[in-house]
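> Provided below are the primary sequence and the corresponding predicted coordinates.
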Amino acid sequence: MIEFQSLDFGDLEAVQAFLAENGWEKRVADSERFQRMIENANRTVVAVDGDRIVGFARALCDDVERLYRNCRGRRGQARTRNRRKDG
């Protein structure tokens with residue numbers, strides 16, 4: 001059963017490996033940069049199935065209502081939605 005939980009900083013390497021295996025290897029290749037990305041996020045969540053990480057999300061706040069979501073479908077296709085409301 002999949003459970004969602006806040007990222008424990010002890011799991012950084014496992015999350016970094018998960019992201020690299022799922023097409024984000026260039027963005028997470030630098031471990032120090034990846035750690036700063038996590039530290040500067042307002043929220044970080046991992047989806048776990050048993051002891052295996054099966055999903056990850058991080059949220060940033062810029063004081064403007066904004067939604068960005070990128071997820072991988074069952075066949076690995078990237079789907080992106082971007083919504084913005086100013087004012």
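All right, it came through fine.

> where's the residue most central in space within the chain, which helix or strand?
Taking C-alpha atoms, centre = their mean as the criterion, A57 is the residue nearest the geometric centre of the chain, at 3.0 Å. In this structure, A57 is located in strand 52-59 according to DSSP states H and E.

> Starting from that strand, tell me which strands it pairs with and how they run.
Using DSSP bridges, strand 52-59 pairs in its sheet with strand 43-49 (antiparallel).

> How about the partner strand, which residues are buried there?
Judged by neighbour count (16 or more other C-beta atoms under 10 Å), strand 43-49 contains these buried residues: 44, 46, 48. From N, CA and C alone the C-beta is placed, and that goes for glycine too.

> likewise stretch 5-24?
Neighbour counts using 16+ other C-beta under 10 Å place 7, 11-12, 14-16, 18-19 of stretch 5-24 among the buried residues.

> And the helices in the protein, which stretches?
Counting by DSSP state H, one finds helices in the chain at the ranges 12-19, 25-28, 31-39.

> Turn those helices into TSV, including mean pLDDT and distance to R52.
Shown next, in TSV, are the helices of the chain (pLDDT from 0 to 100; distance: least, C-beta to C-beta, whole Å):
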stretch	mean pLDDT	distance to R52
helix 12-19	94	9
helix 25-28	91	18
helix 31-39	93	19
